[in-house]
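Asks: Build me a model:
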Amino acid sequence: MSRHSFFVPALCAGALAATASAQGHVWQPLLPFATAPQPQVRRSGAVAFDPVRDRVVMVAGRLNLSGSAVYPQETWEFDGVDWHLIGPVGPIAFGGYNDTTNVRAYYDTQRGATVAIESKVGGPTIFHEWTGAAWVPILSVPQTTFPWRYAFDVAYDPVRRKAVIFGGYTGNQEMGDTWEFNGTTLSSVSGIGPQARWGHAMAYDAGRGVVVLYGGRHGPQLADMWDWNGSSWQLTPNAAGPGPRAFHDLEYDVARSRLVLLGNDGVGSSQIWEWQTSGWTQAPVSNSANSNMALVYDSVRDRVLSVGGTGPSLTSGPTSTFAYGDIPDVAAIGSVGTGCAGPTGVPQIQANNLPVFGTTLSLQVSNLPTGPLNVVIGFIGFDDTMWDGVPLPAPLDPMFPGCTVYLAPAAAQWLGVGFTGSVTWQIPIPFLPPISGAPFFLQCGVAVQGYNPGGLVFTNALAGVTGV
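Replies: Below you'll find the model as predicted:
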């Protein structure tokens, strides 16, 4: 069983019933496991989540290399654990004020594809569709129809099957026009509503069925919030809270039924705010990004992701990727029962740290025989009450005299041979809010041919819960 997949199939299947009586807001950095190159840190990348392919797609953006601005065309995909460079060709970005660019992206549920909007200086504006290997132009709109701009935003309405585009900046003029794209045709739908602006943020509120817009700049920063219902813009009720914001981002957390806002080019840049119909509340957490990050919702893992951005810790190295969610449980792990004696005593398993989301649980298995055939096997389970109709814990006599099984094995992992009398077991724990508090159990067996009829002795067990 791969280290990346430990908790995903089993815990998501068996432990989603865990409920939260309190909320622990957490930003968790998603550190790559792979040794392959990671995308360099960037601002204003065009990012979307493809739920069918389970991939975050990122294209364009702005890099800062040796003090110079670079605008890559490369396309990257994030599989939930690692970034992968898919191709060097994509929409062409150029830079505007405060590291913003002219490329935005969204996922079109009707077409089943990520779409990137590239608004070129002087036109045309091109809509590109990502096939998983290449960007294919699906519509080119001349400057006379859709004036070019940067720092605009887009949100996709999956019920009406249309992408809603608003605002932007030409370098001389703020834009206040509203457009919709249905996958084939771009239509101007409103010139009335929010004040012209750029550097604003938009998201689709699935709970209310509207596209929401917050903040931006028209000279100074703005603090207003608007709903687009498909025919008109209306001021959002209970919108006071975060205050003026620009070059921030906004995303809807489907699992928790609320909008999540992060960032600002100024005061409160690392604050996180959440909006429900009762209004805004500030979550007591922060992120390393200040502005020009991209928020997307990972519907496979029920978490909001923040990709890239501008900030003190984001000047070099790989693109920072963070996951956000509510983790109501405190991580814990402890020993259960005892092992059974082998040639060198009773083998034992112990934890070196807690099973905290986004970290690696390090385990030590000791008191092992040191022969070349004394293979150590780790067993993972999610039930300590019943195994194939047998109540647990259960004695393993007569095959394994004096030994006890404390879990119902769901998977096994070969851990190697304890030539030095011990082995380590490393289990990465991905950031998956739905499995907060999920119980799991661990026990090891050691091959000891001829020592007893079954040829194995066993350690004690560990019982743990995931959390923070």
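Asks: Okay, now the unreliable bits of the stretch 151-300 of the chain?
Replies: Judged against pLDDT under 70, the stretch 151-300 of the chain has no low-scoring part.
Asks: How much space separates residue 91 from residue 119?
Replies: The span separating residue 91 from residue 119 equals 9 Å under the rule Cβ to Cβ, to the nearest Å. Every residue, glycine included, has its C-beta placed from N, CA and C.
Asks: Then residue 161?
Replies: Distance, residue 161 to residue 119, by Cβ to Cβ: 22 Å.
Asks: Pull stretch 280-290 out as PDB, backbone CA atoms only.
Replies: Taking C-alpha atoms only, stretch 280-290 is exported to PDB below (Å, rounded to 0.1, in the frame of the first residue of the first chain):
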ATOM      1  CA  TRP A 280     -19.200  37.600   8.100                       C
ATOM      2  CA  THR A 281     -17.100  36.100  10.900                       C
ATOM      3  CA  GLN A 282     -13.300  36.200  11.100                       C
ATOM      4  CA  ALA A 283     -11.600  32.900  11.600                       C
ATOM      5  CA  PRO A 284      -8.800  32.800  14.100                       C
ATOM      6  CA  VAL A 285      -6.100  31.600  11.700                       C
ATOM      7  CA  SER A 286      -3.800  33.100   9.100                       C
ATOM      8  CA  ASN A 287      -2.000  32.000   5.900                       C
ATOM      9  CA  SER A 288       1.400  32.900   4.600                       C
ATOM     10  CA  ALA A 289      -0.100  34.600   1.400                       C
ATOM     11  CA  ASN A 290      -1.000  38.300   1.400                       C
END
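Asks: List the buried residues in that stretch.
Replies: For stretch 280-290, a neighbour-count test (16 or more other Cβ atoms under 10 Å) marks 280, 283, 287, 288, 289, 290 as buried.
Asks: quick one: the strands in the stretch 101-250 of the chain?
Replies: For the stretch 101-250 of the chain, strands defined by DSSP state E, counting those that start in this stretch occupy the ranges 103-108, 113-119, 125-130, 135-141, 153-157, 162-169, 174-181, 186-190, 201-205, 210-214, 225-228, 233-235, 249-253.
Asks: closest to residue 87 out of those?
Replies: Ranking the strands of the stretch 101-250 of the chain by their distance to residue 87 (criterion: Cβ to Cβ) puts strand 135-141 first, at 8.3 Å.
Asks: and that closest one, how far out from the chain's middle?
Replies: For strand 135-141, the distance from its own C-alpha centre to the chain's C-alpha centre is 29 Å (Cα atoms, centre = their mean, to the nearest Å).
Asks: in its sheet, what does that strand sit against?
Replies: The strands beside strand 135-141 in its sheet (DSSP bridges) come out as strand 125-130 (antiparallel).
Asks: what's around the residue lying closest to residue 302 once chain neighbours are set aside, how many residues?
Replies: Leaving out its chain neighbours, the residue that sits closest to residue 302 by Cβ to Cβ, 6 or more residues apart in numbering is residue 255, at 4.0 Å. The local packing of residue 255 (other Cβ atoms under 10 Å) involves 15 other residues.
Asks: oh, and call the first residue 666 from now on, that's how I've got it
Replies: Shifting the count to begin at 666 puts that one at residue 920.
Asks: List the residues that contact residue 920.
Replies: If you count contacts by Cβ atoms under 8 Å, 6 or more residues apart in numbering, residue 920 has them with 967, 990, 1098, 1099.
Asks: State the pair within the residues you listed that is farthest apart.
Replies: If you compare every pair in these using Cβ to Cβ, the most distant one turns out to be 990 and 1099, at 8.5 Å.
Asks: what is in contact with these two at once?
Replies: Joint contacts of residue 990 and residue 1099 (Cβ under 8 Å, 6+ apart) are 920, 967.
Asks: Based on its surroundings, how many neighbours for residue 1073?
Replies: 18.
Asks: what do you get for residue 1001?
Replies: Residue 1001 is surrounded by 17 other residues when neighbours are defined as other Cβ under 10 Å.
Asks: which residues pair with the nearest residue to it once chain neighbours are set aside across the strands?
Replies: What sits nearest to residue 1001 in space, not counting adjacent residues and going by Cβ to Cβ, 6+ apart, is residue 1126, at 4.3 Å. For residue 1126, the beta-bridge partners are residue 1001, residue 1108 (DSSP bridges).
Asks: what sits against residue 872?
Replies: Residue 872 sits in contact with 917, 922, 942, where contact means Cβ under 8 Å, 6+ apart.
Asks: For the stretch 1016-1133 of the chain, just list every one of the strands.
Replies: Taking DSSP E, counting those that start in this stretch to define them, one finds strands in the stretch 1016-1133 of the chain at 1025-1031, 1040-1046, 1051-1052, 1055-1056, 1059-1060, 1069-1070, 1074-1082, 1088-1093, 1104-1112, 1121-1130.
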